[in-house]
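Trainee: Below is the sequence, then the predicted model.
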Amino acid sequence: MGLQVLLYWPNIIGYFRIGLVFAAWAAHETPATFVFLYSIFIALDGVDGWLARRLGQCSRFGAWLDVVVDNLGRGLLWSLLFKWSWLVSAVEWCVFVCNHSVRGDQWKNSFISSPRLIQAIMANGFRTLLGTWVVSGLHCLPLWLYGYQTGLLSHWLHLPPWIQALGALLLAAGRLLALSAELWCIWTHIEHLTEDEPEDKRE
């Protein structure tokens, strides 16, 4: 295959998503434009995986690129929200390193010996009700908070305060479930590193 993998259609979508990230960043002071661009960015996250399976264009590079682009976009959005939001991005990048250095491109299917909650979250590559909730928390919580901070939820969508609060709680719960899986990934990676370390190097 070689470098032709770079031109697989799912990966071209990934490059387009990177462009959307930078376009959204440039428009972040115009909330309506930012949300429009970022929403397309989120929607295309499911398209590239579906297209890869449909066209038989799954690849290690594509699996790597997909997570890199996801983390880049979410890191951008979290950076606009709070001073401490770099912690969220740091955890996500740490999990990326842990998963792809050990589990590789099949990381979504490598949790069969994990606790039941982690297995349920990761089942079928997140394509379950619980997995959808978790992915919604990952992608949509920062976007929902951005809409709240900029007044889009109130002035554009005309959502009453209780719906804004309920939406934030549901998405935050999904994000906390994602955090449980993230912490498990980090912990198992640490265990893997310490088990493989020779005794003489531990001293």
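Mentor: That came through fine. Only a predicted model underlies this, so the values are computations on that prediction, with no experimental measurement involved.
Trainee: List the contacts of the most centrally placed residue in the chain.
Mentor: Centroid check for the chain by C-alpha atoms, centre = their mean gives Asp70 as the closest residue, at 4.8 Å. Asp70 sits next to 45, 138-139 when contact means C-beta atoms under 8 Å, 6 or more residues apart in numbering. Quick note: C-beta positions are derived from backbone N, CA and C, even for glycine.
Trainee: Let me have those residues in CSV, extended by neighbour count.
Mentor: Output for the contacts of Asp70, formatted as CSV (neighbours: other C-beta atoms under 10 Å):
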residue, neighbour count
Asp45, 18
Leu138, 23
His139, 25
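Trainee: from the chain's centre, how far out does the helix or strand where Leu51 lies sit?
Mentor: If you go by DSSP states H and E, Leu51 is part of helix 31-55. Between the centre of helix 31-55 and the centre of its chain there are 12 Å (C-alpha atoms, centre = their mean, to the nearest Å).
Trainee: what comes up buried for it?
Mentor: For helix 31-55, the neighbour count (16 or more other C-beta atoms under 10 Å) marks 31, 34-35, 37-38, 41-42, 44-45, 48-49, 51-52 as buried.
Trainee: Check pLDDT for these and point me to the minimum.
Mentor: On pLDDT alone, Gly49 ranks lowest of the buried residues of helix 31-55, at 87.
Trainee: tell me what the lengthiest helix in the chain is packed against?
Mentor: Of all the segments assigned as helix in the chain under DSSP state H, the longest by residue count is helix 161-196. Other helices and strands packing on helix 161-196, by 3 or more C-beta pairs under 8 Å, 6 or more residues apart in numbering; DSSP states H and E, are helix 86-102, helix 116-122, helix 129-150.
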